[in-house]
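K.L.:
The following comprises the amino acid sequence and a computationally predicted model.
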Amino acid sequence: MRISLSLHLTLPVLLLAHASPADAGLFARGTEQLARTANHLHHRAAKHSAGLARDLRRAFSAMVSTQELVATTGSAQKVYCVNTGSSLTGDGGNGNSSAGHSPSTTSGASGASGTSTKHSSTTVAANPASSSGSSPWKLAQHWEGNDFFDGWDFWTDADPTHGTVDYVSQSTAQSENLIEINDAGRAIMRVDTTQTVSTARKSVRITTQYSYNGGLVLLDAVHMPTGCGTWPAFWSNGPDWPNKGEIDILEGVNDNSANQATIHTGHGCTLPSSSPSALNITGTVVGGTNCAAAETSNAGCGMVTSQDNSYGVGFNSNNGGVYAMQWVDSGISVWFFPRNSVPADISSGAPIPTGWPKPMAHWPATDCNPSTFFQDHVQIFDTTLCGDWAGNVWGSTGSPGQEQSCATRTGVATCEEFVLNHGSSFSEAYWEVNYVKIFQ
């Protein structure tokens, strides 16, 4: 819309038009008083003009913001739907199953705070940043520093993905130095490095007591588990898996060098296209467009980034970075920002996703409404070993970073044998985390 105003007013008339009755009376008080009055009225007119400009910005901000949101979720990304080549009977990608774990309805193991109370939030619709540059997101929950492990439940049941792993309680993890807050104030979660173990190697899996519906999740980490036999993940899910969804933000196996982000859902959630340009992502689409776990051998819809510093050795050697997952009414997106490319708005604690580059992964609401397929999510860290993914691709090559199979690299025939008898090989199998934040 274009507005044109034609003004044919002399300066005195213009000044009088912006004056109050009291101001107008001042013109009769002499030349000196008139000069002061003119200056006063000039500032009053400027103030009115600024107010008009501000009102116009507010009137049009909704349209501008909507266009910015389309630009963000309509950027060139890529999606990756992975079929692991086996029937995953746990969480389909990172350690959850409907039978094994319903974090919103069960208390979990020994919670870090001594309780297992769940805190639910309301659904958050897309709310792009305003033209003033302020963040539309407000910090709802965070874990960092000396209090990082407060508000997490430690999982101690069997691994739903059949890993050669023994998840331990918080007290055991502390006494055996599997968790700590280091001198830099970062949370550490390790795998046991005892050289030989009999049946399984000890590790840590934790789940937030806080649950949410919609939001922006940030993970800042400087190191993640890597190496043959490992299967680490940072992810979220809801109860009654997979019907209330799962969102894998950071996940991979063995010596992979590229992150895979994946969603797993109940029946009916699909991608509208497998084309990276159509999905506006920077990753790569592999596999199909059906995200239903039960119909894809639990593989869901995955997307792999092209960034070789997004996972494993490359991630660690670059001092990590920040992962972001946005869940809004228009869809779900995942970004990775290497350490030297973290947006200033994230560093300042006022994230504005509309100003970020294209995400590595995006699942639009077109054929998968988030409010239908994703509910009551909790955040999870885990490091399993072998299992339905890492174990089943022990002898495989071809994925980024896995130009040589782990069987060849280690000289050990099976993943399970390697895990049980080579503890020193897991010295790099640890998380080092600055913070996890949830905005709503």
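P.N.:
That came in fine, so what should we check first?

K.L.:
Break down the stretch 251-400 of the chain into its strands, ranges please.
P.N.:
In the stretch 251-400 of the chain, the strands defined using DSSP state E, counting those that start in this stretch lie at 260-264, 284-285, 301-304, 321-328, 331-338, 361-364, 378-385.

K.L.:
and those strands, which one is worst for confidence?
P.N.:
The stretch with the lowest mean pLDDT among the strands of the stretch 251-400 of the chain is strand 284-285, at a mean of 86.

K.L.:
Direction included, what does that strand pair against?
P.N.:
strand 301-304 (antiparallel) (DSSP bridges).

K.L.:
list the buried ones in the partner strand?
P.N.:
Buried residues in strand 301-304, counted by 16 or more other C-beta atoms under 10 Å: 301, 302, 303, 304. Glycine gets a C-beta too; all of them are placed from N, C-alpha and C.

K.L.:
One more: stretch 325-342?
P.N.:
Per 16+ other C-beta under 10 Å, stretch 325-342 contains these buried residues: 325-328, 330-338, 342.

K.L.:
could those residues go into CSV alongside distance to residue 283?
P.N.:
Putting the buried residues of stretch 325-342 into CSV (distance: C-beta to C-beta, whole Å) gives the following:
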residue, distance to residue 283
325, 14
326, 15
327, 18
328, 19
330, 18
331, 15
332, 13
333, 11
334, 9
335, 11
336, 10
337, 14
338, 15
342, 19
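
K.L.:
Between those, which sits nearest residue 351?
P.N.:
residue 326 (8.9 Å; C-beta to C-beta).

K.L.:
residue contacts, that closest one?
P.N.:
Counting by C-beta atoms under 8 Å, 6 or more residues apart in numbering, residue 326 makes contact with 215, 216, 217, 332, 333, 334, 335, 353, 359.

K.L.:
Distance-wise, check it relative to residue 146.
P.N.:
Per C-beta to C-beta, to the nearest Å, residue 326 is found 29 Å from residue 146.

K.L.:
Over to residue 396?
P.N.:
Distance, residue 396 to residue 146, by C-beta to C-beta: 42 Å.

K.L.:
What of residue 399?
P.N.:
Residue 399 is 38 Å from residue 146, by C-beta to C-beta.

K.L.:
More neighbours: the two, which one.
P.N.:
Each of residue 399 and residue 146 has its neighbours counted (other C-beta atoms under 10 Å); residue 399 has more, 19 against 9.

K.L.:
Excluding residues flanking it in the chain, which one is nearest the more buried one?
P.N.:
Nearest in space to residue 399, with sequence neighbours left out and distances taken as C-beta to C-beta, 6 or more residues apart in numbering, is residue 256 at 5.7 Å.

K.L.:
what's the domain layout of the chain?
P.N.:
Here the domain parsing of the chain from automatic domain parsing is 11-62, 75-439.

K.L.:
what's the neighbour count on the closest residue to residue 311 other than its chain neighbours?
P.N.:
Nearest residue to residue 311, sequence neighbours excluded (C-beta to C-beta, 6+ apart): residue 259, at 4.3 Å. When neighbours are defined as other C-beta under 10 Å, residue 259 has 30 of them.

K.L.:
what's near enough to touch residue 259?
P.N.:
Shown in contact with residue 259 (C-beta under 8 Å, 6+ apart): 250, 251, 252, 304, 305, 307, 310, 311, 323, 336, 360.

K.L.:
quick one: the second one from residue 174, how far?
P.N.:
Meaning residue 251. 26 Å.

K.L.:
the more surrounded of these two?
P.N.:
The neighbour comparison of residue 251 against residue 174 (other C-beta under 10 Å) goes to residue 251, with 23 against 14.

K.L.:
returning to what we had before: which two of the contacts of residue 326 have the greatest separation?
P.N.:
Distance extremes for the contacts of residue 326: the farthest pair is 215 and 359 at 15.5 Å, using C-beta to C-beta.

K.L.:
of these two, who's got more company?
P.N.:
Taking neighbours as other C-beta under 10 Å, residue 215 and residue 359 compare with residue 359 leading, 30 against 23.

K.L.:
next one: phi and psi at that one?
P.N.:
The phi/psi pair for residue 359 (degrees, to the nearest 10) reads phi -70, psi 160.

K.L.:
Just list whatever residues bridge to the closest residue to it other than its chain neighbours.
P.N.:
Distances taken as C-beta to C-beta, 6+ apart put residue 333 closest to residue 359, at 4.1 Å, once the chain neighbours are dropped. When bridges are called by DSSP bridges, residue 333 pairs up with residue 326, residue 362.

K.L.:
Look up how far residue 421 lies from residue 333.
P.N.:
Distance from residue 333 to residue 421, by C-beta to C-beta: 42 Å.

K.L.:
Over to residue 358?
P.N.:
Distance, residue 358 to residue 421, by C-beta to C-beta: 44 Å.

K.L.:
of those two, who's got more company?
P.N.:
residue 358 (21 against 12).

K.L.:
check which helix or strand covers residue 409.
P.N.:
helix 406-410 (DSSP states H and E).

K.L.:
Give me the residues contacting that helix.
P.N.:
Contacts to helix 406-410, defined as C-beta under 8 Å, 6+ apart, come from residues 228, 229, 254, 255, 394, 395, 413, 414, 415, 418, 422, 425.

K.L.:
which one among the residues you listed gets closest to residue 372?
P.N.:
Lowest distance from residue 372 to the contacts of helix 406-410 (C-beta to C-beta) belongs to residue 254, with 34.6 Å.

K.L.:
what number of residues lie near that closest one?
P.N.:
25.

K.L.:
cool, residue 413 as well?
P.N.:
With other C-beta under 10 Å as criterion, residue 413 counts 11.

K.L.:
Same check on residue 195?
P.N.:
10.

K.L.:
swap in residue 317?
P.N.:
Neighbours around residue 317, by other C-beta under 10 Å: 10.

K.L.:
show me what contacts it?
P.N.:
Contacts of residue 317 by C-beta under 8 Å, 6+ apart are residue 309.
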